[in-house]
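Visitor: Attaching a predicted model along with its sequence, questions to come.
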Amino acid sequence: MLFTRGYDAVPKLVLYGKLFFKVLTSNATTIVLPGYNRPEHWLMLFATMLTGKRRAVCCDSTIHDQRQTVIKGWLKRWFFARCHGFLAYGVRSREYLVGYQAPVDRVFEPCQAAATLNLVGAGPQRAELEARAEALGLGTAVRFAGAMEPEQLALTYAGATCMILPGSSEPWELVVNEALSYGCPAIVSDRCGCFPELADVTTTTLRSIEIVGRYMPRHAATMMLYGIETVSRKKKRLMQVLSMSASSIQCR
């Protein structure tokens, strides 16, 4: 462990110096850079260039993250042009890297568990939907869980990336309150009755609702995918912060 406190609590000069010299003096032949958007990432890049080490860079950005500018675009292309490999967090990140001229054959996606859609609840269309999922070759990716008892629901919420409610016509829908009470992020359509009171696009905590947007069936798949990726990214970043905070407390 390089630091005995949270990452953001380390004085900047100490942070920059320690990371630069750690990479500079390392006997590793390849260095994986954690990003490209902070000064320390650039210092680590320069350290690998000075010592002739090969380098790869991690990227979880997408074209939707922030407004792109000419200067930032040039800097990103310069940075990526000096890397030998790229670790992309999903398809959107791969597209982002390739868009900034990263060679396609050098962009890799770390192995991740296959996503599963759990459909909870019972209804008259279940058999029809099961047949449809099978016909589309989604038999292993879609699970029809049926009705659940509260204890089962608690475990389902705890293990879920997010809860999705894309309805075109919904009352309040207490299922959203239920999901949030278990700390499970929710992605909902703005047609849901609870939307005005519960939706908060400014928060970065786990207890947030991502706006899917105006209900448009032909765009629903794209919007839901973007929403899932956004919630997953926020959840991952928050867990990283919590993990660093916990490590800081233990060290003290």
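Guide: It's in.
Visitor: How about stretch 41-60, which residues are buried there?
Guide: Residues 41-45, 47-48, 53, 55-60 are the ones in stretch 41-60 that count as buried (16 or more other C-beta atoms under 10 Å). C-beta: built from backbone N, CA, C; applies to glycine.
Visitor: can you tell me which of the residues you listed are in strands?
Guide: If you go by DSSP state E, the buried residues of stretch 41-60 have 55-59 in strands.
Visitor: on that earlier part again, need the buried residues of stretch 41-60 in JSON lines (columns: pLDDT and distance to residue 196).
Guide: Below are the buried residues of stretch 41-60 laid out as JSON lines (pLDDT from 0 to 100; distance: C-beta to C-beta, whole Å):
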{"residue": "41", "pLDDT": "96", "distance to residue 196": "40"}
{"residue": "42", "pLDDT": "96", "distance to residue 196": "44"}
{"residue": "43", "pLDDT": "96", "distance to residue 196": "46"}
{"residue": "44", "pLDDT": "96", "distance to residue 196": "46"}
{"residue": "45", "pLDDT": "96", "distance to residue 196": "46"}
{"residue": "47", "pLDDT": "96", "distance to residue 196": "51"}
{"residue": "48", "pLDDT": "96", "distance to residue 196": "50"}
{"residue": "53", "pLDDT": "95", "distance to residue 196": "53"}
{"residue": "55", "pLDDT": "94", "distance to residue 196": "48"}
{"residue": "56", "pLDDT": "94", "distance to residue 196": "45"}
{"residue": "57", "pLDDT": "95", "distance to residue 196": "41"}
{"residue": "58", "pLDDT": "92", "distance to residue 196": "38"}
{"residue": "59", "pLDDT": "91", "distance to residue 196": "36"}
{"residue": "60", "pLDDT": "87", "distance to residue 196": "31"}
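Visitor: Please enumerate the helices of this protein.
Guide: Along the chain, the stretches classed as helices by DSSP state H are 12-25, 39-51, 70-81, 91-99, 126-135, 150-159, 174-181, 195-198, 220-251.
Visitor: possible to save the ones you listed as a markdown table with distance to residue 4?
Guide: Formatted as a markdown table, the helices of the chain follow (distance: least, C-beta to C-beta, whole Å):
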| stretch | distance to residue 4 |
| --- | --- |
| helix 12-25 | 11 |
| helix 39-51 | 17 |
| helix 70-81 | 30 |
| helix 91-99 | 32 |
| helix 126-135 | 50 |
| helix 150-159 | 32 |
| helix 174-181 | 35 |
| helix 195-198 | 39 |
| helix 220-251 | 4 |
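Visitor: and residue 64, which of the ones you listed is closest to it?
Guide: Among the helices of the chain, the nearest to residue 64 by C-beta to C-beta is helix 220-251 (6.7 Å).
Visitor: Leaving out the residues flanking it, which one is nearest to residue 35?
Guide: Nearest residue to residue 35, sequence neighbours excluded (C-beta to C-beta, 6 or more residues apart in numbering): residue 41, at 5.0 Å.
Visitor: I'd like the distance from the one you found to residue 30, if you could.
Guide: The gap separating residue 41 from residue 30 is 16 Å, by C-beta to C-beta, to the nearest Å.
Visitor: where are the low-confidence patches of the stretch 101-250 of the chain?
Guide: By pLDDT under 70, the low-scoring segments of the stretch 101-250 of the chain are 111-114, 199-250.
Visitor: so residue 119 touches residue 141, yeah?
Guide: No: using C-beta atoms under 8 Å, residue 119 is not in contact with residue 141, being 11.3 Å away.
Visitor: Looking at the two, which has the bigger crowd around it?
Guide: Between residue 119 and residue 141, counting by other C-beta atoms under 10 Å, residue 119 is the more crowded of the two (16 against 12).
Visitor: Quickly list what that one is bridged to.
Guide: Assessed by DSSP bridges, residue 119 has beta-bridge partners residue 144.
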